[in-house]
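J.: Okay, predicted coordinates and the sequence, questions at the end:
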Amino acid sequence: MVKKEITSPAKLKKELEEAKAELVSRNKKLKLSVKTEAKKKVDKKKVEAKKKVDKKKAVAKKKAEAKRKVDKKKAVAKKKAEAKKKVDKKKAEAKKKVDKKKEEAKKKEEAKKKAEEAKKKEEEAKKKEEEAKRTYEEELEEQLTEDEIKNFAIDKTDMDKLVNRVTEMIASYATNGILQNILWRKLKLSSRDGSRLALKLEKLGNITREKILENGRWTYLLLIKKIPISTISIENAPCLVCPVEGKCSTDGEISPKTCVYIEDWVLTELKTKKRHETN
Ligand code: SF4
């Protein structure tokens with residue numbers, strides 16, 4: 001420190017004031033410096049605290065993001081599970097429907113089977129019942145004598161002609177035979193007359209009758225046994241009224257081999273026979 005020489009009170013006063021001012025200035029600077037240091041420390045602490053807070057925030061953010069990701073995954077998994085559940089539910093419902101249909105079909109099938117069995121039983125019972133029944137023809141055979149059967153005749157009918165015609169018709173069916181009801185229908189005969197006529201034909205030995213069940217009812221199949229020799233077949237023969245019959249021989253000039261009358265007659269007879277068979 002430089003020692004100054006005080007020469008007057010005014011100078012002393014001035015020196016003191018200057019020293020005081022300097023002291024105040026220094027003090028101010030010192031205070032300012034202290035304040036700045038403290039502020040720096042505070043700021044530093046603040047920055048560090050902020051850093052810590054930011055770090056915590058960053059960690060929390062990361063955790064939140066991680067949680068969000070986990071939640072997202074969970075949500076996706078949940079959606080998938082729900083979708084699967086729906087699909088499973090639909091499948092279960094579809095299966096249920098199929099099973100129900102199968103069950104219904106099974107029930108129907110069983111019901112159908114039962115109905116068929118019942119029908120079969122009913123038919124068998126009906127058949128047995130029918131088999132136990134006696135036919136109208138069997139009753140007739142019991143009621144009528146053999147002569148009554150053989151002499152059966154229909155009013156205003158040439159019975160010989162009818163017998164021959166019916167026998168020829170039955171013969172045309174050869175070994176297959178024909179059901180009597182069909183034949184009676186062709187001939188426009190009643191069942192009563194037809195049954196009697198069949199018995200008559202059987203007694204005459206022209207046909208045989210075979211008892212058969214047709215559509216659940218007894219009837220007879222008529223089969224040819226023998227074709228009777230009939231004069232009907234030759235009653236229109238030209239030879240019977242031929243004026244040159246006496247001169248006619250197989251090797252002569254007049255001969256059936258060359259006879260136009262015979263030829264015409266045979267053709268006519270054939271046509272007639274065919275017409276009868278068609279009818
Ligand atoms: S075959 Fe002729 S010619 Fe001889 S008898 Fe008969 S119709 Fe007469």
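T.: Cool, got the structure.
J.: so where's the chain uncertain?
T.: Under the criterion pLDDT under 70, the flagged ranges of the chain are 1-6, 130-131, 226-233, 276-279.
J.: ok, how many other residues are close to the residue nearest to Ser191 when sequence neighbours are not counted?
T.: Nearest residue to Ser191, sequence neighbours excluded (Cβ to Cβ, 6 or more residues apart in numbering): Trp184, at 6.4 Å. From N, CA and C alone the C-beta is placed, and that goes for glycine too. Using other Cβ atoms under 10 Å, Trp184 is surrounded by 19 other residues.
J.: and Trp184, what does it touch?
T.: Counting by Cβ atoms under 8 Å, 6 or more residues apart in numbering, Trp184 makes contact with Ser190, Ser191, Asp193, Gly194.
J.: Who are the contact partners of the last one?
T.: What it means is Gly194. Contacts of Gly194 by Cβ under 8 Å, 6+ apart are Gln180, Asn181, Leu183, Trp184, Leu187.
J.: can you pick the most crowded of those residues?
T.: Neighbour-wise, the contacts of Gly194 (other Cβ under 10 Å) top out at Gln180, 22 neighbours.
J.: just curious, which of the contacts of Gly194 is nearest to the ligand?
T.: Nearest to the ligand out of these is Leu187 (Cβ to the nearest ligand atom; 32.6 Å).
J.: just checking, that closest one touches Ile170?
T.: No: the criterion here is Cβ atoms under 8 Å, and Leu187 misses it with Ile170 at 11.0 Å.
J.: Surely the residue nearest to Ser191 is within a helix?
T.: Yes: applying DSSP: H, G, I helix; E, B strand; the rest coil, one finds Trp184 inside a helix.
J.: gap between it and Arg196?
T.: 11 Å (Cβ to Cβ, to the nearest Å).
J.: rewinding a little: among the contacts of Trp184, name the buried ones.
T.: Buried by 16 or more other Cβ atoms under 10 Å: Asp193, Gly194, out of those.
J.: export the contacts of Trp184 to TSV and tack on secondary structure?
T.: Shown next, in TSV, are these (three-state DSSP):
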residue	secondary structure
Ser190	coil
Ser191	helix
Asp193	helix
Gly194	helix
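J.: May I see the contacts of Trp184 organised as CSV, with distance to the ligand added?
T.: As requested, these are arranged in CSV below (distance: Cβ to the nearest ligand atom, whole Å):
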residue, distance to the ligand
Ser190, 41
Ser191, 44
Asp193, 38
Gly194, 38
